[in-house]
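A.B. asks: Quick one, fold the following:
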Amino acid sequence: HTHTHSHQFYWLLPCRFAVMAAGQFGQLERSLESLAEDLRQVAVVMGCFEAERHQDLLFARINRLVEHLQVVDAQKSNFNDVPIPLDLIDFVDKGSNPELYTKMCLERVVRKNELTHEKLKMFETFRETLKDQLAKTRSEETEENGTAAGPGAALGPAADVPQQ
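C.D. replies: Next up, the predicted model:
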């Protein structure tokens, strides 16, 4: 049987890899599923193995397993330029599901996006507060000096005097 649910994460790949996702990744996935099925069949034969009755069947299953290994090996050059995060390799080595890794990455991106949004709101508030304070300071200086607030108003009256 095929697992179509894993195709839902292909959109996460960079554009150049997303194009090959349906073809090459799908082909590799089918090859690996066939390989897993061959391993299961070898295990079944081994579970009830009797040398006289099952030796030819076991050899046939092992030969098919080797053929599928060769197919998978032949496909490896299609993926030489596909970046795989080292964190993902560690995650899988620990026996975790790679789709869980993808889910965790998406959750991390969502959290970072929310933090960035909050920072933007904070800077916008800061900008507005700074703008209001500058306007207030200019109007107070204008009232104190009785002059119009021009470009040099915040620097004091001497800034408006021409230099000789």
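
A.B. asks: When you work out contacts or count neighbours from here on, use the C-alpha atoms and nothing else.
C.D. replies: Will do.

A.B. asks: Could you list the low-pLDDT ranges of the protein?
C.D. replies: Applying pLDDT under 70 to the chain flags the ranges 1-22, 146-164.

A.B. asks: residue closest to the middle of it?
C.D. replies: Residue closest to the average C-alpha location in the chain (C-alpha atoms, centre = their mean): Cys105, at 5.6 Å.

A.B. asks: what separates that one from Asn97, distance-wise?
C.D. replies: According to C-alpha to C-alpha, to the nearest Å, Cys105 and Asn97 sit 13 Å apart.

A.B. asks: anything in contact with each of these two?
C.D. replies: Here Cys105 and Asn97 share no contacting residue, scored by C-alpha atoms under 8 Å, 6 or more residues apart in numbering.

A.B. asks: For the residue nearest to Asp38 when sequence neighbours are not counted, which residues are in contact?
C.D. replies: In this structure, Asp38 finds its nearest non-sequential neighbour in Leu65, 5.5 Å apart by C-alpha to C-alpha, 6 or more residues apart in numbering. Contact partners of Leu65, counting by C-alpha under 8 Å, 6+ apart, are 35, 38-39.

A.B. asks: please redo it, this time with the cut-off set to 10 Å
C.D. replies: 34-39, 41-42, 59, 71 (C-alpha atoms under 10 Å, 6 or more residues apart in numbering).

A.B. asks: and it, what element?
C.D. replies: Here Leu65, judged by DSSP states H and E, is contained in helix 51-75.

A.B. asks: ok so, going back, I'd like to know which of the contacts of Leu65 are buried.
C.D. replies: Buried by 16 or more other C-alpha atoms under 10 Å: 34-35, 38-39, 41-42, out of those.

A.B. asks: how near is the residue nearest to the centre of the chain to Glu99?
C.D. replies: 10 Å.

A.B. asks: Kindly report the same for Asp81.
C.D. replies: In terms of C-alpha to C-alpha, Asp81 sits 21 Å off from Glu99.

A.B. asks: Please identify which of these two sits among more neighbours.
C.D. replies: In this view Asp81 and Glu99 are compared by other C-alpha atoms under 10 Å, and Glu99 has more residues nearby, 15 against 8.

A.B. asks: Which elements pack onto the helix or strand hosting that one?
C.D. replies: Under the criterion of DSSP H and E, Glu99 resides in helix 98-145. On a contact count with 3 or more C-alpha pairs under 10 Å, 6 or more residues apart in numbering; DSSP states H and E, helix 98-145 meets helix 86-93.

A.B. asks: Okay, buried residues for the helix it packs on please.
C.D. replies: For helix 86-93, burial by neighbour count (16+ other C-alpha under 10 Å) applies to Leu88.
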